[in-house]
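**Student:** Build me a model:
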Amino acid sequence: MNKNLFVLLISQVFSFTAAPVTVFLSGIIGSQMSPIKSLATLPISISIIGIAIGSIIASKLMSLIGRKNGFIIASVGNSIFSILAAYSIFIQNFFLFCFANLLIGIGMAFTHQYRFAAAESVDKSIAPKAISILLFGGIISAFLGPSLANYTKDLISENLYVGSYLSLAFLTFIPSILFLFYESKSKIETSLDYVGRGYLELLSQPKFLQALIASAFGYAIMTFLMTATPISMHIMENFSLSKTSFVIQFHVASMFLPSLITGHLIKKFGHSNIMYVGLVFYSITVIASFFEQTFFNYMFALIFLGLGWNFLFISGTSLLTLTYREEEKFKAQGLNDFIVYSVHALGSLSAGIFLTLTNWKIMNIMCVPFMIIIILATIRADVFSKK
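**Tutor:** Below you'll find the model as predicted:
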């Protein structure tokens, strides 16, 4: 643990609250404001599209002005965007709410770059541990964000949930102060062009592709099912909002709690083996969908969904940091995050549509082919690495 990693960890706690709050509330708010039921998950899907777009903006901007300035700008921006979301709820404008979520997503793209900054703050040999330490901060975000959002939802009694986004504005502003103590150590690029190998050459590396596919499809599967959960539970199965919130909170906690040991496991057993374990966890989630959808079944399935994401995402991210040169880092990171969050967005956007057209069980079965693709990409990369 050093000063930069400590600043990143505490900033993660506050900045990342935007993610669980968006997951927890945007689908429910969307179902109340949207003129078409199948578009209920559009706000969260658009926020993920914002992350995909923002990943390119974040990597390019920080290659020019440095990590520190980029993170401060994003923190202030997300606070303003949260206020815009609160205003859109106040005037009951669904399309403005979607636009606000797009902007929040762009701001969140900078937060997702924290993990790369964490890896850069330590020696490459312990990068998985640094990433794990950082992502562990997400477990606090999982409880802090939705709990405060739920507690403040009646802050303006005539307009439910306006207070939730006002509280989010406060939380996301805090990192802008914390990053004043962050030290930018990497050299700032002065050229407007990325340097190093081309995109196709980076993608041609089996290990780069393995890392990318594990992160992208691992994230897509998780968000496909997670986005549908609040609507499936609260709207379709008539579980209370508090029970729905409880499941989402434990799901997000399970996404980050294993971070205490994931880095150690990767160092001991290797990236590929940890990816395989992540897929076993996903298989348990799929199997659970064949049983009656009770509160405890949702809880059980979503916990294993979170565990699977943790193993796939941390192993994919830490493997990626070993596949590019120092001068290529912003290019490689931008390419990775753009593809990861574009696929992530497709999973989220399609969740509401498929939940309307099919059911919870079918949605789980639809995830199996993508799990197979991760297996094939991992086997291919391992075979090439032995040659």
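**Student:** Tell me the first helix or strand C-terminal of the lowest-mean-pLDDT helix or strand in the chain.
**Tutor:** Of all helical and strand segments in the chain, the minimum by mean pLDDT, DSSP states H and E falls on helix 241-256, at a mean of 83. Scanning forward in sequence from helix 241-256 by DSSP states H and E, the next helix or strand is helix 259-269.
**Student:** okay, that following helix in PDB with CA atoms only?
**Tutor:** The C-alpha coordinates for helix 259-269 follow below in PDB (Å, rounded to 0.1, in the frame of the first residue of the first chain):
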ATOM      1  CA  SER A 259     -10.900  -9.200  -4.100                       C
ATOM      2  CA  LEU A 260      -9.200  -9.800  -0.700                       C
ATOM      3  CA  ILE A 261      -7.800 -13.100  -2.100                       C
ATOM      4  CA  THR A 262      -8.300 -13.000  -5.900                       C
ATOM      5  CA  GLY A 263      -4.900 -11.300  -6.500                       C
ATOM      6  CA  HIS A 264      -3.100 -14.000  -4.300                       C
ATOM      7  CA  LEU A 265      -5.000 -16.800  -6.100                       C
ATOM      8  CA  ILE A 266      -4.000 -15.400  -9.600                       C
ATOM      9  CA  LYS A 267      -0.400 -15.300  -8.500                       C
ATOM     10  CA  LYS A 268      -0.500 -18.800  -7.200                       C
ATOM     11  CA  PHE A 269      -2.700 -20.600  -9.800                       C
END
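**Student:** from the chain's centre, how far out does whichever helix or strand comes after it sit?
**Tutor:** Downstream of helix 259-269, the first helix or strand assigned by DSSP H and E is helix 271-288. Put simply, helix 271-288 sits 18 Å off its chain's centre (CA atoms, centre = their mean, to the nearest Å).
**Student:** Show the average pLDDT along whichever helix or strand comes after helix 271-288.
**Tutor:** Per DSSP H and E, the first helix or strand lying C-terminal to helix 271-288 is helix 295-320. When pLDDT is averaged over helix 295-320, the result is 94.
**Student:** and helix 295-320, what other elements does it pack with?
**Tutor:** helix 114-120, helix 127-151, helix 206-230, helix 241-256, helix 259-269, helix 271-288, helix 329-357 (3 or more CB pairs under 8 Å, 6 or more residues apart in numbering; DSSP states H and E). Where C-beta positions appear, they are placed from N, C-alpha and C, glycine not excepted.
**Student:** of those, which approaches residue 184 most closely?
**Tutor:** Smallest distance to residue 184 across these (CB to CB): 9.3 Å, for helix 114-120.
**Student:** Quick one: work out the angle between the least confident helix or strand of the chain and helix 295-320.
**Tutor:** Angle between the axes of helix 241-256 and helix 295-320 is 30 degrees (criterion: axes from the mean of the first three to the mean of the last three CA atoms, to 10 degrees).
**Student:** any residues touching helix 241-256, and which ones?
**Tutor:** Here helix 241-256 makes contact (CB atoms under 8 Å, 6 or more residues apart in numbering) with 19-20, 23-24, 28, 135-139, 141-143, 146-147, 150, 222, 226, 229-230, 233-234, 295, 298-299, 302-307, 309-310.
**Student:** Also stretch 374-387?
**Tutor:** With contact meaning CB under 8 Å, 6+ apart, stretch 374-387 is reached by 206-207, 209-210, 213-214, 217-218, 272, 275-276, 279, 312.
**Student:** Apply 6 Å and report the result again.
**Tutor:** Counting contacts by CB atoms under 6 Å, 6 or more residues apart in numbering, the residues outside stretch 374-387 that touch it are 206, 207, 210, 213, 214, 217, 272, 275.
**Student:** Likewise for stretch 293-307?
**Tutor:** 222, 225, 233, 243, 247, 250-251, 254-255, 258, 281, 284-285, 288, 291, 360.
**Student:** change it to 7 Å
**Tutor:** Residues outside stretch 293-307 that contact it (CB atoms under 7 Å, 6 or more residues apart in numbering) are 222, 225-226, 229, 233, 237, 239, 243, 247, 250-252, 254-255, 258, 281-282, 284-285, 288-289, 291, 360.
**Student:** By neighbours, which of the contacts of stretch 374-387 wins?
**Tutor:** residue 214 (32 neighbours; other CB atoms under 10 Å).
**Student:** Please name the nearest non-neighbouring residue to that residue.
**Tutor:** Spatial nearest neighbour of residue 214, excluding adjacent residues (CB to CB, 6 or more residues apart in numbering): residue 316 at 3.8 Å.
**Student:** could you list every residue that touches that neighbour?
**Tutor:** Going by CB under 7 Å, 6+ apart, the list of residues near residue 316 reads 211, 214, 215, 218.
**Student:** That one and residue 262, how far apart?
**Tutor:** Residue 316 is 11 Å from residue 262, where distance means CB to CB, to the nearest Å.
**Student:** Repeat that for residue 133.
**Tutor:** Going from residue 133 to residue 262 by CB to CB gives 10 Å.
**Student:** now residue 219, nearest residue through space, not along the chain?
**Tutor:** Nearest to residue 219 is residue 344, by CB to CB, 6+ apart, at 4.6 Å.
**Student:** That neighbour against residue 222, yeah?
**Tutor:** No. Look at residue 344 against residue 222 with CB atoms under 7 Å: they stay out of range, at 8.5 Å.
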